[in-house]
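Asks: One predicted model, sequence on top.
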Amino acid sequence: MTGSVISSGKVVGKMTAANVTLLEAKHQGDISCSGELSLEYESSVLIGNVTADSCVIKGKVKGNIEVTEKCSLGEHAVVLGDIQAGSIEIEAGAVLKGQLVITKDAVIE
Amino acid sequence: MMDFIEAKKTVIQKKCKIFGEIISNDDVILYGEVKGDINCENDVIVGGVIVGNVEANELHVYGSKENFGKEGSVFGDVHINSCVTNGKIKGDCFIKEDMLVGHDATVIGEINAGNIDIKKGAIIRGNINTNR
């Protein structure tokens, strides 16, 4: 799937796309994307679950995040929900309330 | 008047109401009201009201700022190539290429489009899918 969504508006509903960029948007509903999801600003708000390849979060998310590759949280990010990711980057100042599961294969000997 | 004929545009003016289907090869500019489907090979510009499905190349729904205080509205499904809306669409949108949902726009219904750009102030109620 290709095709991108750039949103600054108020959306209620599910979203399916390749790449999703939420600027000053308020989105209520699940988002599933085959590429990257990014919440660009502090004022971006997402209420709903996320499945994506990778995500960059600088805004607020209430819901679970499931990412196969990298998930990065900026310093103003607020996440209320579980994060499952291949790898993670969290800047100082980010708020996270929920479980964190990093799923890269690990061998403990 | 002659300008419109030369430019091969169909203009439905304010306070003009049409009940029935419109089939056109060239642009349709609508400030009045149509109750019925519109099937147009070229562009459709809406400053009035359409109650019915729209099939066209490009759909432009005016917002109130573009149209002297009256926003255009479409109540019905929309099958088009590309769409710019600042007005109201109540129905599902099936768009082959890009959709621009402007500052004053309201869309109630599903959106299927290639790329979707939603501007600040726009309100959408419904699922959004990119279809390519």
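Replies: Everything's here; your move.
Asks: residue of chain A with the smallest distance to chain B?
Replies: A:G3 (2.9 Å; Cβ to the nearest Cβ). All C-beta spots, glycine's among them, are computed from the backbone N, C-alpha and C.
Asks: With adjacent residues omitted, what lies nearest to that residue?
Replies: Distance criterion Cβ to Cβ, 6 or more residues apart in numbering or on different chains; nearest residue to A:G3, sequence neighbours excluded, is B:T130 at 2.9 Å.
Asks: Contact partners for that neighbour?
Replies: A:1-5, A:16-18, B:112-116 (Cβ atoms under 8 Å, 6 or more residues apart in numbering or on different chains).
Asks: Would you format those residues as TSV with pLDDT, distance to A:G86 and secondary structure included?
Replies: Formatted as TSV, the contacts of B:T130 follow (pLDDT from 0 to 100; distance: Cβ to Cβ, whole Å; DSSP: H, G, I helix; E, B strand; the rest coil):
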residue	pLDDT	distance to A:G86	secondary structure
A:M1	65	20	coil
A:T2	75	22	coil
A:G3	85	24	coil
A:S4	91	22	strand
A:V5	93	23	strand
A:T16	93	21	strand
A:A17	93	20	strand
A:A18	92	18	coil
B:N112	93	30	strand
B:A113	93	30	strand
B:G114	92	29	coil
B:N115	93	27	strand
B:I116	94	27	strand
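Asks: okay but A:V95 is in contact with A:A77, surely?
Replies: Yes: counting by Cβ atoms under 8 Å, A:A77 is a contact partner of A:V95 at 6.9 Å.
Asks: okay, and for the chain, where does confidence drop off?
Replies: By default, I'm working from chain A. A:1, A:106-107, A:109 (pLDDT under 70).
Asks: wrong one, chain B
Replies: B:1-7, B:132.
Asks: tell me which of the contacts of B:T130 is nearest to A:A25?
Replies: A:V5 (9.6 Å; Cβ to Cβ).
Asks: Burial check on that closest one, number of neighbours?
Replies: As a burial measure, A:V5 scores 28 neighbours (other Cβ atoms under 10 Å in any protein chain shown).
Asks: ok, now the one 10 residues further on?
Replies: With neighbours defined by other Cβ under 10 Å, the count for A:M15 comes to 26.
Asks: Please report how far it lies from B:I18.
Replies: Separation of A:M15 from B:I18 (Cβ to Cβ, to the nearest Å): 36 Å.
Asks: follow-up on the earlier one: CSV please, covering the contacts of B:T130 and showing distance to A:K58.
Replies: As requested, these are exported to CSV (distance: Cβ to Cβ, whole Å):
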residue, distance to A:K58
A:M1, 25
A:T2, 24
A:G3, 23
A:S4, 18
A:V5, 17
A:T16, 22
A:A17, 19
A:A18, 20
B:N112, 29
B:A113, 26
B:G114, 26
B:N115, 22
B:I116, 21
